[in-house]
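1. sequence? don't have it. structure:
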């Protein structure tokens, strides 16, 4: 669960909007510009279900996109619990749909 939360911390706090990120190569420039592009479909595997879906949901929510998440049939309760946590954290209703 802490690993999953680290994705939300990274996308929410580590990368300010519109910031220039130091690139790994000197001949490149990285610029963050979160913009909503529409609904995001996020499909989760059975292994690491919470971490893999958090990795997809966190940047989408930061950019202002809604998410339609499809958990694995083997681990559906993990996604339902994560959606509830996101709702309790203050995400607008309908921003994460399972």
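-> That came through fine. Here the structure is a predicted model, which is why all the values come from computation and not from measurement.

2. confirm residue 13 sits in a strand?
-> No: counting by DSSP: H, G, I helix; E, B strand; the rest coil, residue 13 falls outside a strand, being helix.

3. looking at this structure, which helix or strand is least sure?
-> Lowest on mean pLDDT, DSSP states H and E among the helices and strands of the chain sits strand 20-21, with a mean of 74.

4. neighbouring contacts of the helix or strand that comes right after that strand?
-> On the C-terminal side of strand 20-21, the closest following helix or strand by DSSP states H and E is strand 30-31. Outside strand 30-31, the residues that touch it by C-beta atoms under 8 Å, 6 or more residues apart in numbering are 18, 19, 20, 21, 22, 23. Any C-beta I mention is one placed from the backbone N, CA and C, and that applies to glycine too.

5. which residues sit in contact with the second one?
-> Residues near residue 19 by C-beta under 8 Å, 6+ apart: 31, 32.

6. what about 10 Å?
-> 30, 31, 32, 33 (C-beta atoms under 10 Å, 6 or more residues apart in numbering).

7. nearest to residue 4 among these?
-> residue 32 (21.5 Å; C-beta to C-beta).

8. count of neighbours near that closest one?
-> Look at residue 32: counted by other C-beta atoms under 10 Å, it has 14 neighbours.

9. sorry, back to before: now do the least confident helix or strand of the chain: which elements does it pack against?
-> Applying 3 or more C-beta pairs under 10 Å, 6 or more residues apart in numbering; DSSP states H and E, one finds that strand 20-21 contacts strand 30-31.

10. the strand it packs on - what's its average pLDDT?
-> Averaged across strand 30-31, pLDDT comes to 76.

11. now swap in stretch 43-50 and tell me
-> The pLDDT scores in stretch 43-50 average 88.

12. repeat for stretch 69-81
-> pLDDT averaged over stretch 69-81 gives 91.
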